[in-house]
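Novice: could you look at this predicted model? Sequence included:
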Amino acid sequence: MGEKYDVIIIGAGIAGLTAALYSARQRLKTLVISIDLGGQLLLAPELQNFPGFISISGLDLIKRVEEQARLYGSNMVFDQVTGISPVENGFEVSTLSGSKYLCDAIILAFGKTPKELGVPGEKKLKGKGVSYCVICDSPLFTGKDVVLVSWGYHGAEGAIRLRDYARKVYWVFPGEKPVDDEAMLQEVLRKGNVELIPYSEIVEIVGDEKVEAVVIRNKKASEERKLEVSGIFVEIGYVTKTDFIKDLVELNEKGEIVVDEYCRTSREGIFAAGDVTEMPFKQAVIAAGMGACAALSAYNYIMKLRGKKAVLTADWRHLSMPGKEKEKEGRGLFLKLK
Ligand SMILES: Cc1cc2nc3c(=O)[nH]c(=O)nc-3n(C[C@H](O)[C@H](O)[C@H](O)COP(=O)(O)OP(=O)(O)OC[C@H]3O[C@@H](n4cnc5c(N)ncnc54)[C@H](O)[C@@H]3O)c2cc1C
């Protein structure tokens, strides 16, 4: 089981990493457990609305926040959390790899997860030719044939990117046209290596060790066709996967976590931030702000557990960092005593 953490943060998107930065700055022993580093921002080639940057890629933004969180001592492991149980004096967090961790407080920041097709072969071939991220994985398919399942403006962006790497792209979509913007469609088709496959859906992904073919069905003609490809990209939206915590904290009808203005969930000691919550505005800056709020609330909760009276209302102190000699702790308002 190992050592006990003060705070465990689930998810390393912008919400979780900001929470980690805030938590570690309060010198709480902090662990982030996440499937990946970056979450949805990995799919955002350019953000133009994150304060402080006229334009920044999601990946660059994430790398900066990760560096900042690690600088203050936050730890991170890559794993999928599969269960959380209240135990005496805190919580036990279990993961897919079989690890178990103990902590006093939890911050749920596991955002949204790419929607799956739910067809035979998909689960088995995930990461073996089945990808949910064109921007992350398209270079892996350089010179190969691939299927893209997506539509709209986002789908067209994906098709343009894939067109530049793959030898051939089969773009499968359910309607007559994949995107309304004619200029964008022409740009997709410019190189002549994208085949449009309208009115269609995926029936099966075929392969043993890796993707070898994809079976599609034309719903209008009721015909099936087998495409010999090395990969399939699925970008059909996002879902909130909160099933594993449904008996632990209150969820709304969409499965999102209900929180108050302090990012507290219905269970004491568990906080939540970002897209996984019922907050209607799914935006990076809002997720980051909620991450900070959840971490400050977790700090106050832990201080209360330990019988300390100090209540944190802001984090304005300047801590020493590598390359900076002087500790300037104490500048600004830090603690408001009850
Ligand atoms: C294509 C695209 C473009 C976008 N463009 C913009 C934009 O321009 N401006 C803007 O403000 N917003 C934009 N957004 C929205 C923004 O990316 C999200 O609002 C924000 O990233 C949400 O952050 P989050 O940390 O709450 O969740 P996420 O980014 O979803 O991160 C969740 C993290 O949790 C991890 N995780 C999930 N389940 C588990 C589990 N069971 N165990 C462990 N880890 C888990 C995931 O691996 C991930 O690291 C865009 C989103 C997309 C998809």
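Specialist: Structure's in. What do you need? Numbers count the residues shown, from 1 in each chain.

Novice: not counting sequence-adjacent ones, nearest residue to Gly129?
Specialist: Leaving aside its chain neighbours, Gly129 sits nearest to Val211 (2.8 Å; criterion: CB to CB, 6 or more residues apart in numbering). Glycine gets a C-beta too; all of them are placed from N, C-alpha and C.

Novice: now do the contacts for the residue lying closest to Gly73 once chain neighbours are set aside.
Specialist: Computed as CB to CB, 6+ apart, the closest residue to Gly73 that is not its neighbour in sequence is Ala24, at 4.8 Å. Counting by CB atoms under 8 Å, 6 or more residues apart in numbering, Ala24 touches Thr30, Ala69, Tyr72, Gly73, Ser74.

Novice: just checking, the last one touches Ala20?
Specialist: Yes - under the criterion of CB atoms under 8 Å, Ser74 is in contact with Ala20, at a separation of 4.1 Å.

Novice: settle it for me: which of these two has more neighbours?
Specialist: The neighbour comparison of Ser74 against Ala20 (other CB atoms under 10 Å) goes to Ala20, with 33 against 26.

Novice: state the distance from the more buried one to Glu212.
Specialist: Look at Ala20 and Glu212: by CB to CB, to the nearest Å, they are 41 Å apart.

Novice: just give me the neighbour total for Leu196.
Specialist: Counted with other CB under 10 Å, residues neighbouring Leu196 total 17.

Novice: contacts only, for it.
Specialist: Counted by CB under 8 Å, 6+ apart, Leu196 has contacts Trp171, Phe173, Pro178, Leu189.

Novice: check which helix or strand covers it.
Specialist: In the assignment (DSSP states H and E), Leu196 maps to strand 194-197.

Novice: next SSE after that strand?
Specialist: Note on strand 194-197: by DSSP H and E, the next helix or strand toward the C-terminus is strand 200-206.

Novice: the following helix or strand past that following strand: partners in the sheet, and parallel or antiparallel?
Specialist: On the C-terminal side of strand 200-206, the closest following helix or strand by DSSP H and E is strand 213-218. Here strand 213-218 is paired, per DSSP bridges, with strand 200-206 (antiparallel), strand 223-228 (antiparallel).

Novice: related to what we said a few turns ago, are any of the contacts of Ala24 buried, and which?
Specialist: Thr30, Ala69, Tyr72, Ser74 (16 or more other CB atoms under 10 Å).

Novice: turn those into TSV, columns for secondary structure and pLDDT.
Specialist: Listed next are these as TSV, based on DSSP: H, G, I helix; E, B strand; the rest coil; pLDDT from 0 to 100:
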residue	secondary structure	pLDDT
Thr30	strand	98
Ala69	helix	93
Tyr72	coil	91
Ser74	coil	94
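
Novice: before we move on, what SS does whichever residue of the stretch 101-250 of the chain sits closest to the ligand have?
Specialist: Residue nearest to the ligand within the stretch 101-250 of the chain (CB to the nearest ligand atom): Gly111, separated by 2.0 Å. Here Gly111 is coil, with the state taken from DSSP: H, G, I helix; E, B strand; the rest coil.

Novice: give me phi/psi at the nearest residue to it once chain neighbours are set aside?
Specialist: When the adjacent residues along the chain are set aside, Gly111 lies closest to Asp275, with 4.3 Å between them (CB to CB, 6+ apart). With angles defined as degrees, to the nearest 10, Asp275 sits at phi -60, psi -20.

Novice: just the pLDDT for Asp275.
Specialist: The model reports Asp275 with a pLDDT of 97.

Novice: and the chain, which residues reach the ligand?
Specialist: 10-16, 33-36, 39-41, 43-44, 47, 49, 80-81, 109-113, 274-276, 282-285, 287 (CB under 6 Å from any ligand atom).

Novice: swap in 5 Å and give it another go.
Specialist: Taking CB under 5 Å from any ligand atom as the contact definition, the chain meets the ligand at 11-15, 34-36, 39-41, 43-44, 47, 80-81, 110-112, 274-275, 282-284, 287.

Novice: which residue is nearest the middle of the protein?
Specialist: Gly39 (2.5 Å; CA atoms, centre = their mean).

Novice: surely it meets Ala12?
Specialist: Yes - the pair Gly39 / Ala12 is scored as a contact, 6.8 Å apart, by CB under 8 Å.

Novice: so the residue nearest to Gly129 touches Ser230, yeah?
Specialist: Yes - under the criterion of CB under 8 Å, Val211 makes contact with Ser230 at 6.0 Å.

Novice: higher neighbour count, these two?
Specialist: Using other CB under 10 Å, the more surrounded residue of Val211 and Ser230 is Val211, with 25 against 19.

Novice: show me what counts as buried in stretch 83-90.
Specialist: Ile84, Gly90.
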